[in-house]
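*Asks:* Provided below are the primary sequence and the corresponding predicted coordinates.
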Amino acid sequence: MLGYYDYTVWLTYASLASAGTGILVCLNGGGHPYLGIFFLMICGLCDAFDGKVARSKKNRTVCECKFGIQIDSLADLVAFGVLPACIGNAMLRVLPAIPELPRHHVEKMSTFPFISMFYAIMIIYMLATLIRLAYFNVMEEERQQKEGGTRKYYEGLPVTSAALVFPLVVSLQYITPWDITPFYFVGMILSSLAFLMPIPVRKPGMRGILIMVGIGAIDFLGLVIMAFLRWR
């Protein structure tokens, strides 16, 4: 059977499975955007450790290493490029608000010209994600040939930051009566720019990864509590 299936790629496969599930849920007629956010955070958790798990196997072949690099980028495109766009699409259909709070500006979000603008932003975001991942792969391959080892800095904001940025934005809905949908799309535009800007971003070590996982866990727990209070 084509492909590789040892433990070094399991987290990447799990990330893609989570992203695919989130996309299907968001595109469902009654799909709630917060369900997509949960799957996005699962993707972020898988991505935080997939590289370290892969490097734990010392006898990987060259083909296994290259395969791991390729599927990591492909999974990232789906998880942190397509899924956030699908969450945005779900937010245009389903307002993630608490019923007791007034719904301000909801009616305008799905009318022209707002709807066209929001869809354009989603396409731009997915394109920026694609360009960033492809550029990173090319430059990383060139860097490996010249320097070797692991890099200490990224050039531009990694696309995996979407697993922290968008859950934090969406969680604002539970502390304000205003529809935060426009702010979600502002976050998409800013993220798109940050993906492509040549600014140095220090690569986090294990401590940094654990801090980000902790932030994500707190946000995840907060969303679960708020969702429970809403739907109980």
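*Replies:* On my side now, so go ahead.

*Asks:* pLDDT weak spots in this protein?
*Replies:* Scanning the chain for pLDDT under 70 picks out the ranges 30-31, 95-112, 146, 148-151, 223-232.

*Asks:* for it, which segments count as helices?
*Replies:* Here the chain has its helices, by DSSP state H, at 10-27, 33-55, 62-77, 83-93, 114-146, 162-171, 181-196, 206-231.

*Asks:* looking at those, which is buried most?
*Replies:* Mean neighbours per residue, mean count of other Cβ atoms under 10 Å, is largest over those for helix 83-93, with a mean of 23. The way it works is simple: take the backbone N, C-alpha and C, and place the C-beta from them, glycine included.

*Asks:* and it, C-alpha only, in CSV?
*Replies:* The C-alpha trace of helix 83-93 is given here as CSV (Å, rounded to 0.1, in the frame of the first residue of the first chain):
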residue,chain,number,x,y,z
LEU,A,83,-11.1,25.1,8.1
PRO,A,84,-10.9,28.7,9.4
ALA,A,85,-12.6,29.9,6.2
CYS,A,86,-15.4,27.3,6.6
ILE,A,87,-15.8,28.5,10.2
GLY,A,88,-16.2,32.1,8.9
ASN,A,89,-18.8,30.8,6.4
ALA,A,90,-20.7,29.1,9.3
MET,A,91,-20.6,32.4,11.3
LEU,A,92,-22.4,34.2,8.5
ARG,A,93,-25.3,31.6,8.8
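
*Asks:* quick one, that helix and helix 10-27 angle?
*Replies:* Calculated by axes from the mean of the first three to the mean of the last three Cα atoms, to 10 degrees, helix 83-93 forms an angle of 20 degrees with helix 10-27.

*Asks:* please consider this matter closed, and thank you.
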